[in-house]
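**Q** Quick one, structure for this:
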Amino acid sequence: MTVLYSAEMAGLAAVPVSLPSGGIVDGNVRVKRATITLATQTTSDTIVIAKAKEGESFLYGVITSSATLGASATIAIGITGTTGKYRAAATFTTANTPTLFGTAAGAATLAADEEIFITIAVASLPGSGTLVVDMYFSAT
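**A** Numbering: from 1, shown residues only. Predicted coordinates for the structure are as follows:
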């Protein structure tokens with residue numbers, strides 16, 4: 001039987017053994033919460049929701065909204081140059097239901113600080129309600 005190692009555990013097979021980063025294994029979980037009052041934000045708007053620090057690793061995010069964002073409006077969560085790094089542009093049509101999001105591309109340990117924002121596309125957001133975005137990161 002072959003013993004295989006995940007990317008994070010590959011150092012355990014090396015001689016000498018190297019331990020995985022504390023930001024990935026046995027790290028502390030940090031949450032970054034953004035609460036947005038919906039006010040017909042338009043497709044030309046971006047909404048800054050978090051500042052991630054070098055060395056942190058994205059785990060997952062949770063979106064909850066008191067109102068549906070409509071069948072047309074899409075939101076992406078990312079950074080300059082990669083607006084869908086953490087959540088690809090998609091609609092959000094379920095009110096008051098926490099919904100997980102994340103991408104494999106967003107899971108790498110950050111090499112530099114990042115300003116994370118929502119990009120709105122296709123149509124404006126609703127004129128009332130509250131949108132909450134929680135992003136979970138691990139760090140040493």
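**Q** Next up, the contacts around V48.
**A** 115-117 (C-beta atoms under 8 Å, 6 or more residues apart in numbering). Where C-beta positions appear, they are placed from N, C-alpha and C, glycine not excepted.
**Q** V48 and L4: what is the separation?
**A** Distance of V48 to L4, computed by C-beta to C-beta, to the nearest Å: 41 Å.
**Q** for A107, phi and psi?
**A** Note on A107: its backbone torsions stand at phi -80, psi -10 [degrees, to the nearest 10].
**Q** mind listing what it touches?
**A** For A107, the contact set (C-beta under 8 Å, 6+ apart) comprises 57-59.
**Q** Look up the pLDDT of it for me, please.
**A** Looking at A107, its pLDDT is 77.
**Q** again, but for K32
**A** K32 is given a pLDDT of 97.
**Q** could you dump the contacts of A107 to TSV with neighbour count, secondary structure and pLDDT?
**A** Putting the contacts of A107 into TSV (neighbours: other C-beta atoms under 10 Å; DSSP: H, G, I helix; E, B strand; the rest coil; pLDDT from 0 to 100) gives the following:
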residue	neighbour count	secondary structure	pLDDT
S57	21	strand	90
F58	22	strand	92
L59	17	strand	92
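**Q** quick one: which of those residues is nearest L38?
**A** F58 (24.8 Å; C-beta to C-beta).
**Q** check contacts around the closest residue to the closest one other than its chain neighbours.
**A** The shortest distance from F58 to any non-neighbouring residue, by C-beta to C-beta, 6 or more residues apart in numbering, is to G106 (4.6 Å). Neighbour list for G106: 58, 78, 85-86 [criterion: C-beta under 8 Å, 6+ apart].
**Q** three-state assignment of G106?
**A** Taking DSSP: H, G, I helix; E, B strand; the rest coil as the rule, one finds G106 in the helix state.
**Q** Same question for I75.
**A** Applying three-state DSSP: I75 is strand.
**Q** From A88, how far out is it?
**A** Per C-beta to C-beta, I75 is found 10 Å from A88.
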